[in-house]
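Novice: need coordinates for the following:
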Amino acid sequence: MLDQLKLKEIGKLKVETIIRLSRFVMTNNYFSYNGQFYHQ
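Specialist: Numbering: from 1, shown residues only. Presented below is the predicted three-dimensional model:
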């Protein structure tokens, strides 16, 4: 989406930073259910 809009930055964040943070969140997503922890 950001490539289509030809954006290099959003506010003061570079697109590369947003992508790296998104990747971190997606690969380190944990949750608790009925006292058990799960990696999603």
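Novice: helix/strand/coil for the residue nearest to the spatial centre of the chain?
Specialist: Ranked by distance to the mean C-alpha position of the chain (C-alpha atoms, centre = their mean), the top residue is Ser22 at 1.4 Å. Assigned by DSSP: H, G, I helix; E, B strand; the rest coil, the conformation of Ser22 is helix.
Novice: and it, how far from Gln40?
Specialist: Applying C-beta to C-beta, to the nearest Å, the value for Ser22 to Gln40 is 15 Å. Every residue, glycine included, has its C-beta placed from N, CA and C.
Novice: just Leu13 next, same as before
Specialist: When distance is defined by C-beta to C-beta, Leu13 is 25 Å away from Gln40.
Novice: do the same with Ser32
Specialist: 11 Å.
Novice: ok, Asn34 next?
Specialist: Computed as C-beta to C-beta, the Asn34 to Gln40 distance reads 15 Å.
Novice: which residues are in contact with Tyr38?
Specialist: Listed by C-beta atoms under 8 Å, 6 or more residues apart in numbering, the contact set of Tyr38 reads 30-32.
Novice: in strands, which of those appear?
Specialist: Among these, the ones falling in strands (DSSP state E) are 30-32.
Novice: which stretches of this protein form strands?
Specialist: Counting by DSSP E, residue ranges of the strands within the chain are 9-10, 13-14, 30-33, 36-39.
Novice: do you know the pLDDT at Met1?
Specialist: Looking at Met1, its pLDDT is 52.
Novice: now swap in the one 4 residues further on and tell me
Specialist: In the predicted model, Leu5 carries a pLDDT score of 57.
Novice: number the chain from 363, please
Specialist: Shifting the count to begin at 363 puts that one at Leu367.
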